[in-house]
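*Asks:* Sequence and predicted structure, then a few things I'm wondering about:
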Amino acid sequence: MRNSSVDRHLSSTSKSNAGGRRRIMIWLLSLAAFGSWAIFTFFSQGIIMADRSEQLTQKEKQKQAATQTEQQLQTEVNRLKDPEYIGEIARSKYGLYKPEETPIIGDQK
């Protein structure tokens, strides 16, 4: 009789341990799934951040080039307000001279 009660006790504890083991396995699988998702998200966001950083660098270079071009154009606009500069352009590009000026033409071959 004693053997039957021990057997019953062992079989009941192994059944309760099986449920506990099953819960632990489910918990570990859930933990592993969450960890995998977290690692994947971390690396994918790192890649996205690297791409965005590169795009930002390119946009900053474009902005700097545009700012430099704007400054050059603003300088040119300010120079075009000067009558002497306009006269210089008229003489060099269009061959126009003031009535009292005598053009000096270089040696032509």
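*Replies:* Looks like it arrived, so ask away. Numbers count the residues shown, from 1 in each chain.

*Asks:* switch to C-alpha atoms for all contacts and neighbour counts from now on
*Replies:* Fine.

*Asks:* all strands in the protein, in order from the N-terminus.
*Replies:* Ranges of strands within the chain: none, based on DSSP state E.

*Asks:* gap between stretch 92-107 and the chain center?
*Replies:* The chain centre lies 55 Å from the centre of stretch 92-107; the measure is C-alpha atoms, centre = their mean, to the nearest Å.

*Asks:* what is the mean pLDDT for that stretch?
*Replies:* On average, the pLDDT along stretch 92-107 is 77.

*Asks:* Let the chain start at 52 from now.
*Replies:* From this message on, residue numbering opens at 52, which makes the last subject stretch 143-158.

*Asks:* hmm, who's touching it?
*Replies:* Contacts with stretch 143-158, where a contact means C-alpha atoms under 8 Å, 6 or more residues apart in numbering, come from 141-142.

*Asks:* What residues sit buried inside it?
*Replies:* Within stretch 143-158, no residue qualifies as buried by neighbour count (16 or more other C-alpha atoms under 10 Å).

*Asks:* Just the CA trace of it, in CSV.
*Replies:* Taking C-alpha atoms only, stretch 143-158 is exported to CSV below (Å, rounded to 0.1, in the frame of the first residue of the first chain):
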residue,chain,number,x,y,z
SER,A,143,34.6,94.7,-72.6
LYS,A,144,31.6,92.7,-73.7
TYR,A,145,29.8,95.0,-76.2
GLY,A,146,32.5,97.3,-77.5
LEU,A,147,30.7,100.5,-76.4
TYR,A,148,32.8,103.6,-75.4
LYS,A,149,32.1,107.1,-74.2
PRO,A,150,32.4,109.7,-76.8
GLU,A,151,35.6,111.2,-75.3
GLU,A,152,37.3,107.8,-75.0
THR,A,153,39.6,106.4,-77.7
PRO,A,154,39.6,102.6,-77.8
ILE,A,155,42.9,100.9,-77.9
ILE,A,156,42.8,97.8,-80.0
GLY,A,157,45.5,95.3,-79.4
ASP,A,158,47.6,93.5,-82.0
